[in-house]
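*Asks:* Next input, structure requested:
(one chain, ligands or ions: 2)
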Amino acid sequence: MDEQTALRDLSEQKAAIRKVVCARRREAHQQRLDAMAAAHLLEMLRAHAGKILAGYMPIRSETDPRAALRAMAARGPVVVPVIQGDGLPLIFRQWSPGCEMIDGPFGALVPAEGDFLEPQVLVVPLVAFDRRGNRLGYGGGFYDRTLAALRSRKPVKAIGFAYAAQEEETLPEEPTDQKLDLIVTEEGVIDPAAGA
Ligand SMILES: Nc1nc2c(c(=O)[nH]1)N(C=O)[C@@H](CNc1ccc(C(=O)N[C@@H](CCC(=O)O)C(=O)O)cc1)CN2
Ligand SMILES: Nc1ncnc2c1ncn2[C@@H]1O[C@H](COP(=O)(O)OP(=O)(O)OP(=O)(O)O)[C@@H](O)[C@H]1O
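*Replies:* Residues are numbered from 1 along each chain as shown. Ligands and ions are numbered 1, 2, ... in the order given. Sure, this is the predicted structure:
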């Protein structure tokens with residue numbers, strides 16, 4: 001198989017996984033598991049109080065981290081992603097509970113104003129994850145590029161936030177994929193380094 005064919009196969013494989021896992025995510029979303037998931041997230045984030053924390057404003061059936069973000073905003077800066085353009089890393093603008101928000105691309109809200117800050121800890125949205133810390137998003141490569149750029153400058157922690165139903169046995173791996181350091185779901189914390 002030549003390189004072009006291999007890449008096409010991989011992206012078709014990822015598209016197929018996105019479709020089935022998104023269906024499972026929608027089902028989990030209707031069961032209102034967000035509060036429990038956010039409670040586990042907050043418990044984990046307390047250890048990082050005072051660091052610059054990136055969250056996200058949920059779209060579609062993504063797990064809602066806002067309860068944990070509101071609590072953390074009282075302890076340190078919280079930022080959310082802003083798309084600069086295709087093929088570019090995300091930048092992060094300061095968010096606080098109740099701040100003015102405007103529509104960003106793909107339906108995620110972004111703060112209307114505020115400082116752009118580099119996060120040290122990132123709560124990362126995802127479509128699918130596996131226990132080795134692999135992550136699959138919507139396919140834009142935004143978080144891969146962003147984590148690669150941040151990690152080239154300093155250590156950052158990436159925490160995948162999801163419903164347990166978004167776990168896959170093994171996700172396909174690409175050289176540009178950036179691993180998650182931890183995954184938090186409504187069932188608790190998964191540590192890929194523990195080799196579970
Ligand atoms: N809440 C949230 N904010 C985020 C992200 C995210 O995944 N979730 N992003 C993370 O990168 C960036 C936005 N990137 C996105 C890229 C593509 C699509 C999207 O829906 N794309 C296709 C569908 C692809 C598919 O489901 O197969 C579409 O436009 O229909 C959404 C967000 C920044 N902010
Ligand atoms: N650091 C990088 N430099 C160049 N291309 C990259 C980089 N990271 C990812 N890509 C490319 O971006 C494309 C999408 O990657 P991938 O399918 O892993 O996205 P994703 O993780 O699902 O999406 P997202 O991170 O936006 O949620 C792939 O073609 C990949 O090769």
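*Asks:* what about the closest residue to ligand 2 within the chain, neighbour count?
*Replies:* With C-beta to the nearest ligand atom as the measure, residue 137 is the residue of the chain nearest to ligand 2, at 1.8 Å. In this view, the C-beta of every residue, glycine as well, is placed from N, C-alpha and C. By other C-beta atoms under 10 Å, 16 other residues sit near residue 137.
*Asks:* what does residue 131 give?
*Replies:* 17.
*Asks:* Please apply the same query to residue 145.
*Replies:* Counted with other C-beta under 10 Å, the neighbours of residue 145 add up to 16.
*Asks:* Enumerate every residue touching it.
*Replies:* The neighbours of residue 145, taking C-beta atoms under 8 Å, 6 or more residues apart in numbering as the test, are 87, 88, 89, 90.
*Asks:* phi, psi of it?
*Replies:* With angles defined as degrees, to the nearest 10, residue 145 sits at phi -60, psi -40.
*Asks:* so how far is residue 172 from it?
*Replies:* 18 Å (C-beta to C-beta, to the nearest Å).
*Asks:* Next: residue 63.
*Replies:* If you go by C-beta to C-beta, the gap between residue 63 and residue 172 works out to 23 Å.
*Asks:* Name the residue in the two with the higher neighbour count.
*Replies:* The neighbour comparison of residue 63 against residue 172 (other C-beta under 10 Å) goes to residue 63, with 25 against 15.
*Asks:* Now do the same contact list for the most centrally placed residue in the chain.
*Replies:* Against the mean C-alpha coordinate of the chain, by C-alpha atoms, centre = their mean, the closest residue is residue 124 at 1.5 Å. Counting by C-beta under 8 Å, 6+ apart, residue 124 touches 56, 135, 143, 158, 159, 160, 161, 180.
*Asks:* is it in a bridge, and if so with what?
*Replies:* Going by DSSP bridges, residue 124 is paired in beta bridges with residue 160.
*Asks:* hmm, the least confident helix or strand in the chain by mean pLDDT touching ligand 1?
*Replies:* The weakest-scoring helix or strand in the chain, judged by mean pLDDT, DSSP states H and E, is helix 3-30 (a mean of 94). Yes: residues of helix 3-30 contacting ligand 1 under C-beta under 6 Å from any ligand atom: residue 18.
*Asks:* And that helix, what's buried?
*Replies:* By 16 or more other C-beta atoms under 10 Å, the buried positions in helix 3-30 come out as 14, 17, 18, 21, 22, 24, 25, 28, 29.
*Asks:* Could you do stretch 155-174 as well?
*Replies:* 156-168, 171.
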